[in-house]
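Undergrad: let me see the structure of the following:
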Amino acid sequence: MRWRARSRPSPRATPAHTPVLPVTVPGFTAEPGRALTAADAHRVLLHCALDAAGIRLTEADRQAVADIAALDFRAVNSVIGWLAATPLRG
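TA: Here you go, the predicted structure:
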């Protein structure tokens, strides 16, 4: 898996632990200890990529994200790559 990031942290600045990310995905509730389905994990990744690109979603957009999240990881990863390549909005 290859991620395209806007900026990369220095390897010397690696935190001792991974911080908890305040991720809110509409229509999704994660329970501690529960494994995510592939579609749920894809939806979280897509929402993070959209948020990073500065894109605000409408209700119709949320349904489209859910539909894209149901696809395989290769397709979802391509969409995330396209979002990472777009200029920031906002």
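
Undergrad: so where's the chain uncertain?
TA: Scanning the chain with the threshold set as pLDDT under 70 gives 1-28, 30, 89-90.

Undergrad: could you point out the longest helix of the chain?
TA: For the chain, the helix with the greatest residue count under DSSP state H is helix 38-52.

Undergrad: what's it packed up against?
TA: Using 3 or more CB pairs under 8 Å, 6 or more residues apart in numbering; DSSP states H and E, the elements in contact with helix 38-52 are helix 59-69, helix 73-85. Bear in mind the C-beta positions are built from the backbone N, C-alpha and C, glycine included.

Undergrad: can I get the longest one as PDB, trimmed to CA atoms?
TA: What it means is helix 73-85. Output of helix 73-85 as PDB, limited to C-alpha atoms (Å, rounded to 0.1, in the frame of the first residue of the first chain):
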ATOM      1  CA  PHE A  73      -9.400  -1.700  -1.400                       C
ATOM      2  CA  ARG A  74      -7.600  -1.100  -4.800                       C
ATOM      3  CA  ALA A  75     -10.500   1.100  -6.000                       C
ATOM      4  CA  VAL A  76     -10.800   2.900  -2.700                       C
ATOM      5  CA  ASN A  77      -7.100   3.500  -2.500                       C
ATOM      6  CA  SER A  78      -7.200   5.000  -6.000                       C
ATOM      7  CA  VAL A  79      -9.900   7.500  -5.000                       C
ATOM      8  CA  ILE A  80      -7.800   8.400  -1.900                       C
ATOM      9  CA  GLY A  81      -4.800   9.000  -4.100                       C
ATOM     10  CA  TRP A  82      -6.800  11.300  -6.400                       C
ATOM     11  CA  LEU A  83      -8.000  13.200  -3.400                       C
ATOM     12  CA  ALA A  84      -4.500  13.600  -2.100                       C
ATOM     13  CA  ALA A  85      -3.300  14.900  -5.400                       C
END
